[in-house]
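S.K.: show me the folded form of this:
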Amino acid sequence: MTALEYAARNYMTEEQVIHLIQAGELKGFVKNDVWYVDEDQEIIKPARAKKERYQKKPLSPIGVVFFVLGILEISGGLVFFVVEWCQVLTGYVFDESRLLVPAFGALVAGIVGGLLSFALAEILHFLKGIYLNTRK
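M.R.: Purely as a prediction, here's the structure:
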């Protein structure tokens with residue numbers, strides 16, 4: 001059967017099937033510029049094909065760095081806010097507005113910075129997946 005037919009039966013693209021043949025994971029050959037899969041090849045069940053196609057790859061080291069940075073940014077903003085808020089609640093500081101504005105600013109900056117770091121880590125992970133799936 002052709003690689004296109006095999007791909008349709010396995011919820012894959014023709015390029016993915018050709019890549020599997022070239023990698024030696026699937027028996028096949030090319031004849032007259034058309035890729036074929038040997039007839040004795042097992043048809044991958046749809047659930048298995050989807051699982052293999054969407055299997056999450058581990059994060060790259062730079063992605064881990066950005067996730068850790070995001071956690072630290074959010075934690076730092078939250079800790080600073082809680083410390084300043086506790087000073088206000090205990091009566092240690094009398095002018096609340098001078099203390100709470102920077103505390104809220106640190107909290108918001110920590111959350112926004114952390115979420116941006118998480119987003120950057122996911123973008124890098126997504127780009128790594130594209131790179132791994134398209135290289136020959």
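S.K.: need the contact list for the nearest residue to E122 once chain neighbours are set aside.
M.R.: Closest residue to E122 in three dimensions, ignoring its sequence neighbours and counting by CB to CB, 6 or more residues apart in numbering: G63, at 7.8 Å. Where you see a C-beta, it was placed from the backbone N, CA and C, and this is true even at glycine. If a contact means CB atoms under 8 Å, 6 or more residues apart in numbering, then G63 has 121-122, 124-125, 128 as its contacts.
S.K.: tell me the mean pLDDT for stretch 111-126?
M.R.: Taken as a whole, stretch 111-126 has a mean pLDDT of 88.
S.K.: just the residues contacting it, thanks.
M.R.: With CB under 8 Å, 6+ apart, stretch 111-126 has contacts from 57, 59-60, 62-67, 69-74, 77.
S.K.: the helix or strand where the residue nearest to E122 lies: how far from the chain's middle?
M.R.: G63 is part of helix 61-89 when elements are defined by DSSP states H and E. Chain-centre distance of helix 61-89: 22 Å, with CA atoms, centre = their mean, to the nearest Å.
S.K.: any idea which helix or strand comes after that helix?
M.R.: Using DSSP H and E, the first helix or strand after helix 61-89 is helix 96-134.
S.K.: okay, buried residues for that next one please.
M.R.: 99-100, 103, 106-107, 110-111, 113-114, 117-118, 120-121, 124-125, 128 (16 or more other CB atoms under 10 Å).
S.K.: cool, and stretch 13-25?
M.R.: Under the neighbour-count rule (16+ other CB under 10 Å), stretch 13-25 has 16-21 buried.
S.K.: break this protein down into its structural domains.
M.R.: The chain breaks down into these domains under automatic domain parsing: 3-53, 61-134.
S.K.: worst average pLDDT in those?
M.R.: Taking the mean pLDDT of the domains of the chain, domain 3-53 comes last: a mean of 76.
S.K.: returning to what we had before: give me the angle between the helix holding G63 and helix 96-134.
M.R.: Orientation check (axes from the mean of the first three to the mean of the last three CA atoms, to 10 degrees): helix 61-89 against helix 96-134 gives 170 degrees.
S.K.: could I get the buried residue list for helix 61-89?
M.R.: 63, 66-67, 69-70, 73-74, 76-77, 80-81, 84-85, 88.
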